[in-house]
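Peer 1: one predicted model, sequence on top.
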Amino acid sequence: MDLMNSLEHFLKEEVISLNNLVFLLDEAARTERFLSTPKHPGTPSMYDLLLTTYEKKDIGYYQKTLMKLRATPKQITRWEFALDALLAIEIDISKEPTLDRQIIWMRANRFKWTQVGRHFGFNRITIKNRYMKVLTALIKKIKKNNNKYCKLNRILYLI
């Protein structure tokens with residue numbers, strides 16, 4: 001009975017940590033949309049100041065509000081950790097780390113399994129199995145490096 005309880009606790013911990021990492025990657029992909037894009041080196045800064053103005057006497061006048069969504073410091077911290085976690089996928093986890101990083105990032109951007117499979121030329125089941133295998137190996141690697149795992153827990157819960 002004690003063995004069953006410990007096994008159940010272990011499985012629960014693994015599922016929770018896997019879900020936390022998937023949630024972190026999803027949030028990082030969403031945060032990346034809010035980051036400002038770098039400007040071309042030759043772009044004059046005066047173009048940042050130019051705004052189209054509308055006057056009340058113009059036809060079709062309306063008050064146009066400019067809404068800019070920006071990432072918060074909390075989101076940027078999580079985004080940085082997610083990128084560090086993706087870069088931790090190396091040859092010790094998979095044979096083709098670049099491909100697996102792309103698969104995980106595409107899935108974080110909410111592409112369907114069929115779209116990801118079509119993009120890489122695999123079956124959707126094969127892609128999903130590869131995704132799960134790499135994520136579980138990544139969780140084990142993060143847990144083995146206790147500093148990163150503590151950082152993951154701190155980022156997810158305390159910030």
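Peer 2: Now that the structure is in, tell me what you want to look at.
Peer 1: please identify the helix or strand for residue 16.
Peer 2: Taking DSSP states H and E as the definition, residue 16 sits inside helix 2-32.
Peer 1: which residues touch the helix or strand encompassing residue 100?
Peer 2: Taking DSSP H and E as the criterion, residue 100 maps to helix 97-108. Contact with helix 97-108 is made by 22, 25-26, 28-29, 82, 86-87, 89-91, 93-94, 113, 115-116, 119-120, 127, 130-131, 134-135, as judged by C-beta atoms under 8 Å, 6 or more residues apart in numbering. Just so you know, the C-beta spots here come from the backbone N, C-alpha and C atoms, and that holds for glycine as well.
Peer 1: can you name the element that comes right after the helix or strand bottoming out on mean pLDDT in the chain?
Peer 2: Lowest on mean pLDDT, DSSP states H and E among the helices and strands of the chain sits helix 46-49, with a mean of 58. For helix 46-49, the following helix or strand on the C-terminal side (DSSP H and E) is helix 73-87.
Peer 1: how about that following helix as CSV, C-alpha atoms only?
Peer 2: Output in CSV follows, covering the C-alpha atoms of helix 73-87 (Å, rounded to 0.1, in the frame of the first residue of the first chain):
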residue,chain,number,x,y,z
PRO,A,73,8.9,42.2,-16.4
LYS,A,74,7.4,39.0,-15.0
GLN,A,75,6.5,37.8,-18.5
ILE,A,76,10.0,38.7,-19.8
THR,A,77,11.6,36.8,-16.9
ARG,A,78,9.6,33.7,-17.7
TRP,A,79,10.3,34.1,-21.4
GLU,A,80,14.1,34.2,-20.7
PHE,A,81,13.8,31.1,-18.6
ALA,A,82,11.8,29.3,-21.3
LEU,A,83,14.5,30.1,-23.9
ASP,A,84,17.1,28.8,-21.5
ALA,A,85,15.1,25.6,-21.1
LEU,A,86,14.8,25.2,-24.8
LEU,A,87,18.6,25.7,-25.2
